[in-house]
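[1] build the 3D model from these lines:
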Amino acid sequence: MEPSFDGMWAELAGVGRDAGTGGYRRFAWSTAELTCREWFAGQAAARGMGLERDRNGNLWAWLGDGLPGTAVVTGSHLDSVPDGGAFEGPLGIVSGFAALDLMLARGWEPRRPFAIAAFSEEEGARFGVPCAGSRLATGELDPDRARGLRDQDGMTLAEAMRAQGADPDTLGSDPERLGRISAYVELHVEQGRHLGGTPFAVAVGDRIWPHGRWRLTFDGAADHAGTTGLTERKDPMLAFASTVLHVRQAAAALGARATVGKVVVAPNGTNAIPSRVSAWLDARAADEAAVRALVADVLDHARNRAVQDGVEVAFAEESFSPDVVFAPGLAIRLAGLLGGVPVLPTGAGHDAGIFAAAGVPSAMLFVRNPTGVSHSPAEHAETADCHAGVEALAAVLTNLDRSP
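    Take a look at the predicted model:
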């Protein structure tokens with residue numbers, strides 16, 4: 001098990017890593033992410049698994065595809081946020097292959113089909129909608145909208161797919177494939193500080209907080225920074241800055257979590273008053289009512305401030321995921337199977353949440369992150385804990401394969 005995991009982890013370590021920041025830039029349909037996809041295909045071939053790229057760009061490595069019954073599936077994603085950590089996404093896929101190796105070494109013979117999946121554009125870092133591959137597969141994301149999504153350089157998802165030999169005209173729901181899955185298990189690095197300082201290297205997830213992304217666009221008028229008086233300006237940066245400060249206040253008042261982490265300014269000149277500021281709000285809370293109240297409060301503030309500054313504001317919801325509770329019996333059963341490990345909620349979104357909301361029995365395993373940091377080069381998991389995660393995943397998959 002250890003050489004299997006360690007060797008694969010070393011093979012991926014340098015792909016898409018920025019030498020300056022130490023973070024990863026594996027954006028969907030980019031050269032770095034496609035290199036990871038080629039690695040995935042190689043791992044499948046080395047194990048005699050059938051490789052399939054579905055209509056939405058998701059990869060599936062199948063073992064025993066001809067066996068009767070519905071499949072047990074594990075997987076994650078290969079793309080990253082800008083300057084993300086090494087573990088989020090790839091840890092689940094490397095662990096999936098390593099768990100399979102461990103199961104086979106122990107004499108496991110599958111009773112039902114088994115697959116390892118790599119889902120496309122999970123982070124939404126390039127085209128804006130997170131879990132795009134799984135949202136398309138479940139019918140949650142409209143294919144026409146998906147084809148028209150644009151990255152920061154103006155390239156559409158359809159254009160990016162065509163450039164890599166994929167057909168965007170096939171995008172859409174995939175009920176037949178979903179109907180073939182009896183259980184989906186996603187292993188993921190912990191994104192928080194629950195397990196640090198505890199004796200547990202692994203936990204089971206029981207729910208995902210409701211969360212979403214909203215785009216705010218503040219439109220003013222570009223002008224000269226040196227010749228335009230302060231009272232003559234229509235500066236959208238003022239309304240934007242005031243709104244960012246209000247986001248923090250509103251989140252604190254509601255016990256929510258809200259972030260403005262992406263901003264695009266035009267014309268983006270040092271000596272030019274901006275004509276437009278586009279910003280993206282990420283909002284999450286333990287219940288949907290708090291998220292909706294937060295977003296409404298932020299929008300109300302943005303509108304009032306825009307009037308004060310003589311600018312306009314537009315608002316659009318780009319994605320929303322409601323509260324997802326994983327099958328309670330399954331979470332409790334898996335925690336018991338693993339020796340009574342903790343059962344934890346998470347505020348982070350995952351493909352497992354999309355599948356669970358669509359009715360696919362789903363579960364998550366978290367591997368301890370001693371830093372508690374994620375979406376950053378400081379994201380970490382000790383090698384011994386990664387090995388423990390492989391052991392746990394192998395135990396879970398074997399148990400699910402043998403279940404009615």
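[2] how close does Arg402 get to Trp108?
    For Arg402, the distance to Trp108 equals 9 Å [C-beta to C-beta, to the nearest Å]. C-betas here are computed from N, CA, C, even on glycine.
[3] who has more neighbours, the two?
    When neighbours are counted by other C-beta atoms under 10 Å, Arg402 and Trp108 differ, and Trp108 comes out ahead with 16 against 12.
[4] quick one: that one and Ala395 touch, right?
    No. Assessed by C-beta atoms under 8 Å, Trp108 is found out of contact with Ala395, at 10.9 Å.
[5] next one: Phe119 from Arg37, what distance?
    11 Å.
[6] neighbour count winner among the two?
    Between Phe119 and Arg37, Phe119 has the larger neighbour count (other C-beta under 10 Å), namely 32 against 20.
[7] separation between the more buried one and Gln308?
    Phe119 is 44 Å from Gln308, by C-beta to C-beta.
[8] Lys262 now?
    Using C-beta to C-beta, Lys262 is found at 24 Å from Gln308.
[9] neighbour count for the two, which is higher?
    Set side by side, Lys262 and Gln308 show more neighbours around Lys262, with 16 against 11, by other C-beta under 10 Å.
[10] can you give me the strands for the stretch 51-200 of the chain?
    Applying DSSP state E, counting those that start in this stretch to the stretch 51-200 of the chain gives strands spanning 59-63, 71-77, 114-119, 181-189.
[11] of all these, which one comes closest to Leu294?
    Smallest distance to Leu294 across the strands of the stretch 51-200 of the chain (C-beta to C-beta): 25.5 Å, for strand 181-189.
[12] could you name the helices and strands sitting against the closest one?
    Judged by 3 or more C-beta pairs under 8 Å, 6 or more residues apart in numbering; DSSP states H and E, strand 181-189 is in contact with strand 71-77, helix 90-105, helix 351-357, strand 362-367, helix 383-402.
[13] and those as CSV, adding mean pLDDT and distance to Thr156?
    CSV is the format used below for the helices and strands packed on strand 181-189 (pLDDT from 0 to 100; distance: least, C-beta to C-beta, whole Å):
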stretch, mean pLDDT, distance to Thr156
strand 71-77, 98, 21
helix 90-105, 98, 26
helix 351-357, 95, 22
strand 362-367, 97, 30
helix 383-402, 97, 36
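[14] Ile208: which of the ones you listed is closest?
    Of all these, helix 351-357 comes closest under C-beta to C-beta, at 4.2 Å.
[15] measure how far that closest one is from the centre of its chain, please.
    On the basis of C-alpha atoms, centre = their mean, to the nearest Å, helix 351-357 sits 11 Å off its chain's mean C-alpha point.
[16] equivalent analysis for stretch 303-310, please.
    34 Å.
[17] same check on stretch 88-107?
    Computed by C-alpha atoms, centre = their mean, the chain-centroid distance of stretch 88-107 equals 20 Å.
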